[in-house]
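**Q** Take this sequence and fold it.
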Amino acid sequence: MYVPAHFAADDESVRDLLTNHGAADLVTATPEGLLATFLPFVYEPETGEHGALLGHLAR
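**A** Here you go, the predicted model:
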């Protein structure tokens, strides 16, 4: 995806955001439209090439 230079984020800034924020909105498309779900997460920077986000959704 094209990202203009003035919107680009460096890797350190992204890691800092993921480490210190701890939550995000998970957006899913449903037949009725978009659904946003608040999702707490933990960032594990040592997992995989770019780290991993671990979250939990109730049924």
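**Q** alpha carbons only for contacts and neighbour counts from here, please
**A** OK.
**Q** With residue 24 as the reference, measure out to residue 46.
**A** In this structure, residue 46 and residue 24 are 20 Å apart, going by Cα to Cα, to the nearest Å.
**Q** More neighbours: those two, which one.
**A** When neighbours are counted by other Cα atoms under 10 Å, residue 46 and residue 24 differ, and residue 24 comes out ahead with 14 against 9.
**Q** for the chain, what spans make up the strands?
**A** Counting by DSSP state E, the chain has these strands, from start to end: 23-30, 33-44, 52-55.
**Q** shaky segments in this protein?
**A** Within the chain, no stretch has pLDDT under 70.
**Q** what's the span of stretch 23-42, first residue to last?
**A** End-to-end for stretch 23-42, by Cα to Cα: 8 Å.
**Q** What residues of that stretch count as buried?
**A** 23, 40, 41, 42 (16 or more other Cα atoms under 10 Å).
**Q** and it, how far out from the chain's middle?
**A** 11 Å (Cα atoms, centre = their mean, to the nearest Å).
**Q** farthest pair in the buried residues of stretch 23-42?
**A** Pairwise distances across the buried residues of stretch 23-42 peak at 8.1 Å for 23 and 42 (criterion: Cα to Cα).
**Q** Find the centremost residue of the chain, please.
**A** residue 24 (6.1 Å; Cα atoms, centre = their mean).
**Q** The residue lying closest to it once chain neighbours are set aside: what's it in contact with?
**A** Spatial nearest neighbour of residue 24, excluding adjacent residues (Cα to Cα, 6 or more residues apart in numbering): residue 39 at 5.4 Å. Going by Cα atoms under 8 Å, 6 or more residues apart in numbering, residue 39 touches 23, 24, 25, 26, 55, 56, 57.
**Q** Turn the residues you listed into CSV, including distance to residue 10.
**A** Formatted as CSV, those follow (distance: Cα to Cα, whole Å):
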residue, distance to residue 10
23, 20
24, 19
25, 21
26, 22
55, 24
56, 27
57, 29
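**Q** just these now: which is nearest residue 6?
**A** Ranked by distance to residue 6 (Cα to Cα), the contacts of residue 39 are led by residue 24 at 22.8 Å.
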